[in-house]
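Trainee: no sequence on hand, only this structure:
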């Protein structure tokens with residue numbers, strides 16, 4: 001993704017503001033490579049001398065206990081499973097660099113337990129750029145993003161990647177991990193389980209909410225079945241330098 005990140009830096013630079021934090025949102029389906037791209041972009045920005053950190057919208061998911069109380073376990077990742085007000089309040093605060101010199105604490109989501117860590121927070125200092133990554137990084141943040149990026153791939157490819165990631169996470173699961181519950185299942189059973197989750201939860205969320213947010217993006221990155229980037233398409237905004 002290094003070359004892609006460098007091209008995105010050229011699109012971020014015209015949006016940098018003096019004494020203010022720019023927000024770059026990276027959205028797209030599950031398993032499409034958002035986290036990797038966000039990390040690469042932050043690293044590429046730091047290489048230019050800018051200060052940049054990645055924040056995941058996963059940290060703004062409602063805790064498991066609250067999702068359970070609201071009957072939303074099967075809707076995790078859908079719009080109603082997030083504390084959108086808290087996410088937007090964070091972006092308003094983080095963009096206001098002129099009026100703050102203190103860190104802003106954000107919740108931390110564990111990909112081991114698939115839940116918010118109740119007693120932990122991550123401090124975000126004043127920065128040049130916050131790279132916000134997540135399923136809802138575009139549709140929940142309208143008006144608060146300086147550059148919107150959508151990572152896309154054909155639906156059959158996304159499904160294949162999801163199953164591959166599911167199998168990998170089961171294979172490397174450590175005690176206490178969400179995926180330990182699948183330990184001992186045969187490969188065919190694991191594939192069936194992954195497809196059931198994808199088709200009942202991820203695919204409806206993608207078609208109803210995530211994919212339509214592409215219309216909010218300034219840049220669309222099209223990925224190929226081998227994870228290579230096929231095209232980077234600008235949808236308007238300042239011309240890259």
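Mentor: Sure thing, it's come through. The structure displayed is predicted, hence computed values, not measured ones.

Trainee: okay, CA-based contacts and neighbour counts for the rest of this
Mentor: Will do.

Trainee: what is the subsequent helix or strand relative to the longest helix that the chain contains?
Mentor: Counting residues, the longest helix in the chain under DSSP state H turns out to be helix 155-171. Scanning forward in sequence from helix 155-171 by DSSP states H and E, the next helix or strand is helix 187-197.

Trainee: any buried residues in that next one, and which?
Mentor: 190, 191, 193, 194, 195, 197 (16 or more other C-alpha atoms under 10 Å).

Trainee: okay, how far is it across stretch 45-59, tip to tip?
Mentor: Counting by C-alpha to C-alpha, to the nearest Å, you get 23 Å between the two ends of stretch 45-59.

Trainee: pLDDT (mean, whole number) over that stretch?
Mentor: Averaging pLDDT along stretch 45-59 gives 96.

Trainee: got the buried residues for the helix or strand of the chain with the lowest mean pLDDT?
Mentor: Using mean pLDDT, DSSP states H and E, the weakest-scoring helix or strand in the chain turns out to be helix 2-12, at a mean of 90. Of the residues in helix 2-12, those with enough neighbours to count as buried (16+ other C-alpha under 10 Å) are 4, 5, 6, 7, 8, 9, 11, 12.

Trainee: in this structure the last one contacts residue 148, no?
Mentor: What it means is residue 12. No. Checked against C-alpha atoms under 8 Å, the pair residue 12 and residue 148 is beyond contact range at 9.7 Å.

Trainee: so what's in contact with the two at the same time?
Mentor: residue 24 (C-alpha atoms under 8 Å, 6 or more residues apart in numbering).

Trainee: hmm, who's touching the longest helix of the chain?
Mentor: 29-32, 179-180, 182-183, 190-191, 194-195, 198, 225.

Trainee: now do the residue nearest the centre of the chain against residue 210, distance only.
Mentor: In the chain, the centroid-proximal residue (C-alpha atoms, centre = their mean) is residue 134; its distance is 1.9 Å. Distance, residue 134 to residue 210, by C-alpha to C-alpha: 10 Å.

Trainee: overlap in contacts, these two.
Mentor: With contacts taken as C-alpha under 8 Å, 6+ apart, the residues that reach both residue 134 and residue 210 are 27, 28.

Trainee: where does the prediction get shaky in this protein?
Mentor: 1-2, 97-100, 236-241 (pLDDT under 70).

Trainee: one more time with 90
Mentor: Residue ranges of the chain with pLDDT under 90: 1-3, 17-20, 94-103, 111-114, 119, 126, 174-178, 181, 183-184, 235-241.

Trainee: so what secondary structure elements neighbour the longest strand belonging to it?
Mentor: Identified as the longest strand of the chain according to DSSP state E is strand 115-124. With contacts taken as 3 or more C-alpha pairs under 8 Å, 6 or more residues apart in numbering; DSSP states H and E, strand 115-124 sits against strand 104-110.
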